[in-house]
Structures are given as structure tokens and as C-alpha cells.
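>>> Pasting the sequence and the predicted coordinates here, then a few questions.
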Amino acid sequence: MRATRQKLIFTMYDMAWRLALPLLRLNPRLKDGYAARTLRQSPEGLAAELWIQAASAGEAYLAAAIIQTLSAPPPISVLLSTNTRQGMEILEKARSEAIRRSPALDIRLTFFPFDKPTIMEAAVKKIDPKVMVLLETELWPGLLSALRRNNCSVLLINGRITHKSLSRYLITPGLWRDLAPDAVLAVSQPDADRFGELFAPEIVAVMPNIKFDRVNLAHAPDEKLCPVGSLLPRDARFLIFGSIRQEEETDVGRMIQIISRRFPDLIIGLFPRHMHRLHVWQQQLDKIHKKWVFRSTLSAEPVTPGNLVLWDTFGELSAAYAQATSVFVGGSLAPLGGQNFLEPLIHGLLPVIGPSWENFAWIGAEIISHGLVRETHNWEEAAAELIRQLKNPPARDEIRHAAAAYVKERQGGTRQACRLISQMLDSN
């Protein structure tokens with residue numbers, strides 16, 4: 001009965017893909033590499049002992065960390081696949097760096113084939129991997145089924161799964177138990193418990209999140225390349241609103257008004273998350289009669305105290321953090337999941353954030369309880385906390401030291417994952 005049900009599920013799944021493929025070709029993100037995704041551009045020559053799938057940019061950075069740390073005896077052939085153009089660009093750079101460090105590595109790239117069972121079966125046979133590495137939550141039934149039939153070991157690394165996702169997978173629990181990876185390394189005990197419920201507890205272990213290994217604890221921007229410091233008068237208070245999203249623009253505008261009244265000489269750096277929102281900020285700042293200037297217009301002379309700098313230049317947020325007195329990190333006042341608040345923390349700032357930071361929950365709630373990040377419930381609380389910091393700036397060296405200690409305690413996930421990959425390669 002169970003086998004009949006699963007055969008029916010796969011028949012319907014394959015049919016759904018057959019109907020979807022013509023439409024997917026019209027998708028602007030998926031038409032790039034469409035021939036590779038459908039095997040019309042055959043993956044001949046992509047045979048590899050190790051296949052690592054990195055869905056998009058975030059996972060691509062994890063894959064980069066793995067191939068740059070992998071210590072399996074060379075020569076070893078590796079296939080890196082991804083679903084997106086951005087992921088491909090990251091993997092291309094990572095491949096060059098990894099080969100430069102270890103010329104014996106044979107690394108190739110491809111777009112991830114569509115999970116239509118007949119397509120994936122053909123892809124797995126041609127690639128013929130010994131070990132398949134999936135990152136975070138890459139559970140494709142067509143892929144897992146084909147890998148199992150071709151006796152390939154499957155490892156899920158840096159695994160995370162929400163209650164909501166688990167409930168969807170448990171609609172067909174027997175299917176996922178039959179397709180379970182050989183091992184799962186989850187980034188937290190709650191994630192491990194959820195994977196254990198989906199698959200089996202005995203195949204699941206906990207690992208430090210690889211993202212901690214990517215945190216640069218010695219980040220020092222080159223002022224010659226990015227002279228943010230020269231834009232500021234000596235000893236000026238400098239407040240940053242970083243990575244501000246559209247949904248929180250009104251609230252941030254209110255914060256700017258209140259804080260500017262308290263500190264008339266304060267210099268504010270406003271970094272919209274998306275440059276196409278610059279014109280909206282121009283209108284909003286003019287409406288509240290706030291003096292402002294574009295970053296691109298500043299050169300030799302420092303900005304006048306009391307001005308807001310509307311940042312229309314890419315790549316300078318990190319350097320600006322190094323000069324700031326305090327910072328609010330956006331994407332957090334509205335339910336958007338938050339933006340990266342580790343970077344200003346490593347620079348010695350106590351980041352102020354709103355209540356939404358689910359995208360960075362991997363950092364751990366201890367970051368709040370340790371007092372290294374100031375979580376607030378609304379824009380009024382956020383403004384009050386920024387005012388407190390501007391009155392009495394926290395000691396940067398102490399914060400930097402505590403932040404480095406917090407991160408170092410949680411590093412080592414890449415090495416743990418690579419050890420398991422090497423063991424699996426050796427045993428196949």
C-alpha cells in the first residue's frame with residue numbers, strides 16, 4: 001500500500017513538472033541556464049565524486065567555505081550546482097580561489113537540474129556522485145530518490161527547518177523517511193529535533209553554523225579606498241540608519257525627526273537597502289525640512305554638522321560602521337526578517353534593531369541576552385535607545401572583544417562538515 005501510494009505521488013509530481021516546464025522557461029530567473037536545467041545541454045563531462053548543491057547566494061557562500069576547507073586527499077572531482085545567476089557568480093569566484101589554493105581540485109559548475117524525476121534520474125546517472133551535499137533545507141524528492149537508487153551517500157549540512165516547513169513535509173511522512181539523507185548536521189538543537197521527527201533521530205547531529213566561520217573578526221576598511229572618515233568633522237557624533245527597507249521608511253523618518261531635535265549637530269548617514277528608493281527619501285526629507293546631501297557630492301570638505309548624508313554610493317556601509325557612534329539596522333521594524341547586524345557589532349557598535357530578525361536567528365538569542373544587540377519593539381523604543389547611546393557612547397573596544405569571543409565560540413562548523421564529507425568519500 002505504501003509503495004503504491006508513493007508511486008502515485010511520484011507520477012503526479014512528474015506530471016506537474018511536465019506541465020510547469022514550458023512556463024518556467026518564461027521565468028526571467030529560470031530561463032538563464034534553462035538548457036542545463038532540462039539536460040538539453042547535457043552534463044557530459046560533469047561526472048564528479050562530490051556534488052554540492054547551493055540553492056542561491058546564501059548557500060553558495062556556504063559551499064565556497066566548504067571547498068576552500070575540504071581536506072580530502074586530492075585529486076578529487078567536485079561539481080557545484082546552484083539555482084540562480086547570483087549563486088553561479090559566487091561559485092565561479094569560489095572555484096578560482098579554491099583551485100589556486102589546491103590545484104589538484106577539479107571543480108566544475110552547472111545550474112541545478114529541474115527536479116522532474118525523469119530529468120533528475122538522468123542527471124544523477126551522468127554525474128554519478130559518491131557523495132551528495134545539500135545545504136540548509138534542500139529536500140528535492142526527485143533528486144533524493146535518484147540518489148538512493150544510484151547508491152550515493154547524502155549529507156545535509158548546516159540544516160535548518162522551521163515548524164511551518166516541517167508541518168508541510170509531514171503531510172507525507174512515509175515518503176520523507178524513505179528518502180532520508182544518510183546524515184544531517186543541523187545548526188541548532190531545535191532544528192535537529194525537527195529533522196529527527198521528519199527522518200530519524202539517529203541520523204541527526206548538531207553543528208556550529210558555517211556562517212560564523214565567514215565572519216571577519218579583523219575587518220579594517222582601507223580608508224584610501226573608501227575615505228568615509230574624511231567626510232566627518234573631528235569628534236562628530238555620527239548615527240547610521242543601515243539597510244533601511246521600504247516598509248519602514250515612515251517610522252525611520254519619525255526617528256530622524258525626534259533624534260535630530262535632541263542633537264542638532266548630529267550627522268546622520270542614511271543607507272537605503274535599495275537605491276531606487278533614493279527619490280522617495282529625497283521627498284520625505286524635504287517634507288520634514290531635514291537638511292541633507294548626497295554622498296556622491298562630498299569630496300574634499302567634511303559634511304556640515306546637522307546634515308543627513310543620503311548614501312547613493314555602493315560598498316561603503318562597512319567603512320561607515322567603523323566611524324559611527326551608534327547604528328540602527330533596518331529590515332527589522334516591519335516583518336521583513338532583518339538585515340545583518342553582526343557587521344556593526346564586530347566594529348564595536350551595539351546595534352539597535354526592531355522586533356523582526358528571523359533571517360538572522362542563526363546567530364542565537366544569546367546575542368540579545370548577552371547585551372550585544374539592543375532589540376526594541378517599535379520605532380519609539382528604537383529612537384530612545386539610539387538617544388541613550390548618543391548621550392553615552394558604549395566602549396567600542398569592550399564591545400569588539402565581546403563580539404569576537406561570541407563568534408569564536410561558535411566557529412568550527414566548516415571543519416566539522418568537511419571531516420564528515422571526507423569520511424563519506426573514503427567509505428564509498
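The structure has been received and is ready for your questions.
>>> Contact partners for P181?
134, 144, 154-156, 199, 203 (CB atoms under 8 Å, 6 or more residues apart in numbering). Where you see a C-beta, it was placed from the backbone N, CA and C, and this is true even at glycine.
>>> Could you single out the nearest of those to S318?
For these, the minimum distance to S318 (CB to CB) is 30.9 Å, reached by L134.
>>> where's the closest one, which helix or strand?
Using DSSP states H and E, L134 sits in strand 131-135.
>>> what's the nearest residue to W17 if we skip its chain neighbours?
K116 (3.5 Å; CB to CB, 6 or more residues apart in numbering).
>>> now the spatially most central residue of the chain, what's its secondary structure?
The chain has G58 as the residue nearest its centroid, 3.7 Å off, counting by CA atoms, centre = their mean. Three-state assignment for G58 (DSSP: H, G, I helix; E, B strand; the rest coil): helix.
>>> now L185, what's its secondary structure?
Here L185 is strand, with the state taken from three-state DSSP.
>>> gap between it and G159?
According to CB to CB, to the nearest Å, L185 stands 6 Å off from G159.
>>> Please say which of the two ends up with more neighbours.
G159 (27 against 23; other CB atoms under 10 Å).
>>> who touches both of L185 and G159?
V204.
>>> which residues touch the residue nearest to the centre of the chain?
Residues near G58 by CB under 8 Å, 6+ apart: E136.
>>> Check it and give its pLDDT.
With respect to pLDDT, G58 has a value of 89.
>>> just H219 next, same as before
Predicted confidence (pLDDT) for H219: 58.
>>> Kindly report the same for P227.
So P227 comes in at 78 (pLDDT).
>>> A236 too?
Value for A236, per-residue pLDDT: 92.
>>> Mind naming the longest helix for the chain?
Counting by DSSP state H, the longest helix found in the chain is helix 2-24.
>>> what's the following helix or strand after it?
That would be, after helix 2-24 and using DSSP H and E, helix 34-37.
>>> May I have that next one as CSV, with CA atoms only?
Extracted in CSV, the C-alpha atoms of helix 34-37 (Å, rounded to 0.1, in the frame of the first residue of the first chain):
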residue,chain,number,x,y,z
TYR,A,34,17.4,26.6,-19.0
ALA,A,35,19.2,24.2,-21.3
ALA,A,36,21.3,22.9,-18.4
ARG,A,37,18.3,22.7,-16.1
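>>> Could you tell me how far that helix lies from the centre of the chain?
How far helix 34-37 lies from its chain's middle: 25 Å, per CA atoms, centre = their mean, to the nearest Å.
>>> who's in contact with it?
With CB under 8 Å, 6+ apart as the criterion, helix 34-37 contacts 24-25, 30, 40-41, 43, 110-114.
>>> going on from that helix, what's the next piece of helix or strand?
Next element after helix 34-37 (DSSP H and E): strand 50-54.
>>> the helices in the stretch 101-250 of the chain, which residues?
117-127, 141-149, 163-169, 173-178, 189-198, 210-213, 249-262 (DSSP state H, counting those that start in this stretch).
>>> I'd like to know which elements the second one is packed against.
When contacts are defined as 3 or more CB pairs under 8 Å, 6 or more residues apart in numbering; DSSP states H and E, helix 141-149 sits against helix 2-24, helix 117-127, strand 153-159.
>>> The first one now?
Helices and strands touching helix 117-127, as assessed by 3+ CB pairs under 8 Å, 6+ apart, comprise helix 2-24, helix 141-149.
>>> any idea how far the residue nearest to the centre of the chain lies from I90?
Taken as CB to CB, the span from G58 to I90 is 9 Å.
>>> Need the contacts of P181 in TSV (columns: pLDDT and neighbour count).
Shown next, in TSV, are these (pLDDT from 0 to 100; neighbours: other CB atoms under 10 Å):
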residue	pLDDT	neighbour count
L134	98	25
L144	97	23
V154	98	21
L155	98	23
L156	98	26
F199	97	22
I203	97	15
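>>> thought G354 was touching V373?
No - under the criterion of CB atoms under 8 Å, G354 is not in contact with V373, lying 11.3 Å apart.
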